[in-house]
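Enquirer: Could you work out the structure for the sequence below:
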Amino acid sequence: MRVSHLSLNNFRNYGRLELSLSPGATLLVGDNAQGKTNLLEALFYLATTRSPHAAQDSQLINWEIANSSDPLSASRLVADLESSGPPKQVEMRLIMERRENNQVSFRREALVNKRKVRLMDLMGQMQVVLFLPEDVGLVTGSPNERRRFLDVTLCQVNRQYCRTLSQYNKVLEQRNVLLRQIAEGLGNQDVLEILTEKLVDLGRRVFSFRAGFFSSIENDFQRIHFEELTGGRESLTINYLPRLQLKVNGSNGREMVDDSSWLMVNQMELDKIGHRFMESLAVARSHDIQRGSTSIGPHRDDWQFQIDGRDLGSFGSRGQQRSAILSLKMTQIEWIAGLNGEYPILLLDEVLAELDDSRRRQLLRYVQKAEQSILTATDPGMFSKEFLESSSQLEVKQGTIRPLENPKKSTPD
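Expert: Prediction:
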């Protein structure tokens, strides 16, 4: 899979960009804050409908346009795709409107082959794997970051998962509103039963999808880390930590526990998962009414890397944490390729500067296996002679892109 042409209008610092992209590796070279990362962000956004950087989608609209006095501001992102199937075009529109009463509304529109579709139907049209320096947050950051990675990965290849997750989140929101109403003496307990049944039906499927993902990548992840990245010196595991039940502790009240071993064994048994989920929600019912939110379910899931049975985020070195992320992303590439029969597009934002020579070589091997990869760098000198000779090199400067003058074809001795 590859992008043959990318069009950006009023996106970040790009006023207007029309860019044809070649197969193989493309290296974007330029100083910081020129637009290299913004271009990768645009491709990731078209693939996932999410930004890896912006807290709000409205921030993606070109600053000058968004802050003008015009009543309408809009960004448009379009990619022409080539893959093993028929060519297709994907598009996102970000539209901000200002009304006379100074109210501002924002909406997004998704299109496939120039026909409007739901946002979730845009996901999966293009698969990407994104490498960022801040990916180490998947080891040391919050469970929310790890769930986000998990959901973006699964939604790119499984629309049923994406639809189920979206429905689950809607029911969860309704249930939480009702829990708060009941706490105030206003809600209906019968309606709570109905919403709980819906939540269990959807949640058991999310649990099953996620358990299946971790089960399917486990062996490849361990092999890549052990054989390719650490030369047989270090064994690392990745463990799913589903939130399926509570335990009661006399001194500390109710405490969250994971049910990973049980779920991995029973991941295809939806009735068993649903039964345990329902039982746990019943145990937590009074607790949830008091706090006004649902404490059990996939919205509280987590996962972690473990080295010698210990959490890598707490006990691993910075180098070990980077290696774990690299192993995960390489595994993600192989997993998507195994499902689709073709490699995803690889997006690498200044990540090679953080790696030693050995890990850099391993990563570039994956880059060269993909049909298309796009990398950013302030200094192309960190790349090997062979890589530079086989890649396209473009200069990014103040939101414009052009072929790099006198591109480097070799590295100094």
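
Enquirer: Quick check: His287 vs Val171, distance?
Expert: Distance of His287 to Val171, given as CB to CB, to the nearest Å: 19 Å. Heads up, the C-betas are built off the backbone N, CA and C, glycines and all.

Enquirer: Among these two, which residue is more densely surrounded?
Expert: Val171 (20 against 15; other CB atoms under 10 Å).

Enquirer: Contacts only, for that one.
Expert: Val171 is in contact with Leu195, Lys198, Leu199, Leu202, counting by CB atoms under 8 Å, 6 or more residues apart in numbering.

Enquirer: Over to it: give its phi and psi.
Expert: Main-chain torsions, Val171, degrees, to the nearest 10: phi -70, psi -40.

Enquirer: wait, doesn't Leu19 sit right on Thr26?
Expert: No. Taking contacts as CB atoms under 8 Å, Leu19 lies outside contact range of Thr26: 9.6 Å.

Enquirer: Could you check which of these two is surrounded by more residues?
Expert: Shown here are Leu19 and Thr26; by other CB under 10 Å, Thr26 has more neighbours (19 against 16).

Enquirer: hang on, that one in a strand?
Expert: Yes. According to DSSP: H, G, I helix; E, B strand; the rest coil, Thr26 belongs to a strand.

Enquirer: What's opposite it in the beta bridge?
Expert: Ile374, Ser392 (DSSP bridges).

Enquirer: For it, report the pLDDT, please.
Expert: Listed pLDDT for Thr26 reads 97.

Enquirer: what sits against it?
Expert: Residues in contact with Thr26 (CB under 8 Å, 6+ apart) are Gln372, Ser373, Ile374, Leu375, Ser391, Ser392, Gln393, Leu394.

Enquirer: go on, Leu119?
Expert: Here Leu119 is in contact with Thr49, Arg108, Ala110 (CB under 8 Å, 6+ apart).

Enquirer: and the longest helix along the chain, average pLDDT?
Expert: For the chain, the helix with the greatest residue count under DSSP state H is helix 189-223. Computed over helix 189-223, the mean pLDDT rounds to 97.

Enquirer: ok, now stretch 391-401?
Expert: Mean predicted confidence for stretch 391-401 is 95.

Enquirer: next one: stretch 228-241
Expert: If you average the pLDDT values across stretch 228-241, you get 90.

Enquirer: quick one: it to chain centroid distance?
Expert: Relative to the chain's own centre, stretch 228-241 is displaced by 21 Å; criterion: CA atoms, centre = their mean, to the nearest Å.

Enquirer: re earlier: the contacts of Thr26: which two are farthest apart?
Expert: Gln372 and Gln393 (14.9 Å; CB to CB).

Enquirer: Okay, buried residues for stretch 345-364 please.
Expert: 345-352, 354-355, 359-360, 362-364 (16 or more other CB atoms under 10 Å).
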